[in-house]
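Chemist: A predicted structure for the sequence below; I have some questions about it.
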Amino acid sequence: MLSIQQSYSYAKARECLPSLLDQVTDNNEVVVITRTNKPDVAIIAKDELSSLLETVYLLKSPANAQRLLTALSESKQEDTQPALTQTVDGLLEELGIEQKEKAQ
């Protein structure tokens with residue numbers, strides 16, 4: 001999950017740009033650079049930006065957005081149900097597959 005945790009002045013960002021870039025890519029953070037009398041800008045990892053743009057594109061269509069949200073909701077419901085466990089012998093029996101006895 002992206003978070004905006006820090007902001008830097010333009011001068012401070014220029015001083016420590018290599019470490020800021022590492023911070024952004026290593027920690028999935030967004031760093032804001034403040035500028036005097038101009039809008040602030042943000043540095044974000046390319047992969048994160050691509051992911052955000054793809055999400056926006058997919059959610060643009062109301063029908064597609066509804067399908068995605070329904071699928072997400074169903075997935076979350078499935079995640080809360082306990083996983084079924086079964087032995088191999090039980091599964092073979094359920095499927096009607098006879099097991100050959102091991103040679104001794």
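Modeler: Looks like it arrived, so ask away. All of these numbers come straight from a predicted model, not from anything done at the bench.
Chemist: use CA for all of it now, contacts and neighbours both
Modeler: Noted.
Chemist: which strands and helices sit next to whichever strand or helix holds Arg67?
Modeler: Assigned by DSSP states H and E, Arg67 belongs to helix 62-80. The contact analysis (3 or more C-alpha pairs under 8 Å, 6 or more residues apart in numbering; DSSP states H and E) places helix 62-80 against helix 46-60.
Chemist: domains in the protein, by residue range?
Modeler: Following automatic domain parsing, one finds the domains of the chain at 3-44, 48-77.
Chemist: pull out the buried positions in the shortest one.
Modeler: Okay, so that is domain 48-77. For domain 48-77, the neighbour count (16 or more other C-alpha atoms under 10 Å) marks 48, 59, 65 as buried.
Chemist: can you give me the end-to-end span of that domain?
Modeler: End-to-end span of domain 48-77 (C-alpha to C-alpha, to the nearest Å): 27 Å.
Chemist: and of the buried residues of domain 48-77, the nearest to Gln5?
Modeler: Distances from the buried residues of domain 48-77 to Gln5 were compared by C-alpha to C-alpha; the smallest belongs to Glu48, at 15.6 Å.
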